[in-house]
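Student: here is the input, now give the coordinates:
(2 chains)
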2 protein chains.
Amino acid sequence: MNSFSFHNPTEIYFGEGTADQLAEKVIRYGSNVLLVYGGGSIKRTGLHDRVAKQLQEADIRVVELGGIEPNPRLTSVHKGIELCRSEGIDFILAVGGGSVIDAAKAIAVGVPYEGDVWDFLIHKAEIRGALPIGTILTLSATGSEMNGSSVISNWEEKQKRGFGSSYMYPRFSILDPTLTFTVPRDQTVNGIVDIMSHVFEQYFSLTQETPLQERLCESILLTVIENAERALDKPDDYAARANLMWCGTLALNGGLISLGMENDWSSHGIEHEISAIYDIPHGAGLSIVFPNWMKYVMDERPDRFAQYAVRVWGIESNGRSDRELALAGIEATRHFFTRIGAPSTLADFGIGDEQLDRMAYEAVRFGPIGSFKMLNQEDVRAILQLCL
Amino acid sequence: MNSFSFHNPTEIYFGEGTADQLAEKVIRYGSNVLLVYGGGSIKRTGLHDRVAKQLQEADIRVVELGGIEPNPRLTSVHKGIELCRSEGIDFILAVGGGSVIDAAKAIAVGVPYEGDVWDFLIHKAEIRGALPIGTILTLSATGSEMNGSSVISNWEEKQKRGFGSSYMYPRFSILDPTLTFTVPRDQTVNGIVDIMSHVFEQYFSLTQETPLQERLCESILLTVIENAERALDKPDDYAARANLMWCGTLALNGGLISLGMENDWSSHGIEHEISAIYDIPHGAGLSIVFPNWMKYVMDERPDRFAQYAVRVWGIESNGRSDRELALAGIEATRHFFTRIGAPSTLADFGIGDEQLDRMAYEAVRFGPIGSFKMLNQEDVRAILQLCL
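Tutor: Presented below is the predicted three-dimensional model:
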């Protein structure tokens, strides 16, 4: 186990009806709120009205920023920063999924910074402050509701980059599983793949002597697998939705489940290059990339992959080698993704090999990526080739 | 899964050498520090000098309060409160195990309160503030380093009571596994039993649909069981000590592993009555009480006990009933405790049945205890009888 530090100050309010406690939480931080949301589903479901009414009754002024994109764009972040400055905003409330929350985080750190917020994403400047933010989560997926990370797309430059800061942890997040009952099937699927991917990126690690962390990872994977089809078959199954939601939050929680382990986020990096160019949903991209990344890197540590096969997929070892078990575990992953309706090839989105070189180049723009296996441009290209 | 709220703001610095980062953490909160410690082991190991030197070099004034008892006493807490007031203390640093940290917490909330701090423990007053505290942990056991709970003994009244508050979370805790290398064998054993007991009290729950939480509990139990004998056989095995330490912290972490589950702390309550009268180590008392509590309550939910037997002890079901598996799991627990040298009967401490009635009476003084099975005075007496 490596040394580590950990601090996750986000308050969580979990359960049916917790959204009705919103105003009392917000008022501790401010009375001029920027309400950030996405494509309008919260208007269709009535959540927007419920939120607006509560804030209004508590004499909290609301300025709205809707239309945040599924891969949130720098242009929207700029718009949010301008609004915060011109309207004297003192608190940002994100109501939505990871994209909305990620946009809110970027806005929050951009407001007190004089330069372009994009500077933070290309390591040109250091974050030194932020407006406080809170969230109401409507999609189980990214974990952004309880961590200090954000991913923003710069559409002009076809770049999608992640960044993080202790200033970006939400002050509170409201997690009401009933708000995910209306999430469409494909978004539920993408969320499931995203949650599992977050765990993979922590679990497949070269760090030795981390038995607790490995089991915490396996706990989340097993629980997601158990509850995925249940939530897809019956979207208003409270327990299934609640289990997925809490799995999503713990899966990417300031690193909680893998403290002391080296992580490998190269699959996320590769996916970012795909959706930076083709704007496909993040979870869909991960479903395509992950099994191929696994196959490409498994020989670095077949024992971990064998453990994954046995403990997560219940594959019996029957005297098989670690390598054979590893392959069986990867196949089980692929089958599961297919069974829940996640894509498995770039061709599923009509994407060919035209941009592989560019994506591979961009993925390693700041140097080789990964730690489980260090990937250079050629490696990334080879993995993308497997994704076709 | 039930609704829940969660907020754990404690910063963790984990790993070899993290104790040398102490001064920079303390100075954020104060420059007049009360240094709280126990029986003097930190003087023998050199940790006391290491701490004192660091603080001195950072121009931090130190007032000392040593001699905190293994079951920390109200008299020591009173002494600490007086010292804080008379010396103008602005930060409390606990260096030790759970007892020392618990005492520091009680001192911290007692300072700004005009009445007797014991009022908080008998629900006569509400905590409204506290001095900030930090900890350097030297024993893997109670989880007090990352939660808002404390247990204090009132020796005059032969009462041992727990209390908690959001004000009692340490601002930071330094967890250096090498500081536990010198912990004597019996204290290591008591710590192991304490950690496992904390998990039991969350895991054996009537709440339905909590698969992730159950697995998180099992993850800690499995990891403790794997690493216990390793740490006992080779006290300076870093990985084993690190794994136990992190298990201890996560096991009782503001409820992290069991959020949304009803807990049952009756075994802790029963043990408190034993050590309130006989002053035996808390972990030793738990080792005696727990298997008997399990046997007494298992019929409330044999399936959970059967799951425990199968997943934690690897007992094969072979068509056996839940009840049979449950009993096998309880026996496995008892055997494990015996194997690591933990006591199994009150007779091991020369305790007979003289005070059973009084302990049973005190245990339910504020009403029946427990939720997995609600225990009245007769039930507690019956469990204590099994402990003889």
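Student: now do the contacts for A:T138.
Tutor: A:S41, A:I42, A:L47, A:V95, A:G96, A:G97, A:L179, A:T180, A:V183 (CB atoms under 8 Å, 6 or more residues apart in numbering or on different chains). Glycine gets a C-beta too; all of them are placed from N, C-alpha and C.
Student: one more: A:E262?
Tutor: Going by CB under 8 Å, 6+ apart, the list of residues near A:E262 reads A:N2, A:S205, A:L206, A:T207, A:S371, A:F372.
Student: switch the cut-off to 7 Å
Tutor: A:N2, A:S205, A:L206, A:T207, A:S371 (CB atoms under 7 Å, 6 or more residues apart in numbering or on different chains).
Student: quick check, the fourth one in a helix?
Tutor: No: the assignment for A:T207 by DSSP: H, G, I helix; E, B strand; the rest coil gives coil, which leaves it out of any helix.
Student: tell me the secondary structure at the spatially closest residue to A:W313 that is not a sequence neighbour.
Tutor: Nearest residue to A:W313, sequence neighbours excluded (CB to CB, 6 or more residues apart in numbering or on different chains): A:A332, at 4.1 Å. Put simply, A:A332 is helix when judged by three-state DSSP.
Student: per-residue confidence at A:A332?
Tutor: For A:A332, the model assigns a pLDDT of 98.
Student: do A:A242 as well
Tutor: 98.
Student: just among the contacts of A:T138, which is most surrounded?
Tutor: A:G97 (29 neighbours; other CB atoms under 10 Å in any protein chain shown).
Student: need the phi and psi values for it.
Tutor: phi -100, psi -160 (degrees, to the nearest 10).
Student: equivalent analysis for A:S5, please.
Tutor: The phi/psi pair for A:S5 (degrees, to the nearest 10) is phi -120, psi 160.
Student: pLDDT weak spots in the stretch 51-200 of chain A?
Tutor: Counting by pLDDT under 70, the stretch 51-200 of chain A shows no low-confidence range.
Student: so which residues of it form helices?
Tutor: Counting by DSSP state H, counting those that start in this stretch, one finds helices in the stretch 51-200 of chain A at the ranges A:74-87, A:98-110, A:118-121, A:185-203.
Student: need the contact list for A:F337.
Tutor: A:V193, A:S287, A:S344.
Student: picking up where we left off before, ok, the residue nearest to A:W313 to A:A342 distance?
Tutor: 14 Å (CB to CB, to the nearest Å).
Student: ok, these two, which is more surrounded?
Tutor: Each of A:A332 and A:A342 has its neighbours counted (other CB under 10 Å); A:A342 has more, 23 against 18.
Student: which one is that one nearest to, not counting chain neighbours?
Tutor: That would be A:S287: by CB to CB, 6+ apart, it lies 3.7 Å from A:A342.
Student: flag every buried residue along the host helix or strand of A:R311.
Tutor: Taking DSSP states H and E as the definition, A:R311 sits inside helix A:302-313. Using 16 or more other CB atoms under 10 Å in any protein chain shown as the test for burial, helix A:302-313 gives A:P302, A:R304, A:F305, A:A306, A:Q307, A:Y308, A:A309, A:V310, A:R311, A:V312, A:W313.
Student: you'd agree A:I351 is in a strand?
Tutor: No: assignment of A:I351 by three-state DSSP gives coil, placing it outside any strand.
Student: touching, it and A:Y278? I think so.
Tutor: Yes: between A:I351 and A:Y278 there is a contact under CB atoms under 7 Å: 5.7 Å.
Student: so for stretch A:179-196, what gets flagged as buried?
Tutor: A:179-183, A:187-196.
Student: quick check: residues of chain A near chain B?
Tutor: A:1-7, A:9, A:11-16, A:18, A:209, A:211-212, A:215-216, A:219-220, A:222-223, A:226, A:239, A:242-243, A:246-247, A:259-260 (CB under 7 Å from any CB of the partner chain).
Student: would you mind checking those for buried ones?
Tutor: Looks like the residues of chain A next to chain B have A:1, A:3-4, A:6-7, A:9, A:11-15, A:18, A:209, A:211-212, A:215-216, A:219-220, A:222-223, A:239, A:242-243, A:246-247, A:259-260 buried, using 16+ other CB under 10 Å.
Student: in helices, which of those fall?
Tutor: Per DSSP state H, helices hold the following members of these: A:211-212, A:215-216, A:219-220, A:222-223, A:239, A:242-243, A:246-247.
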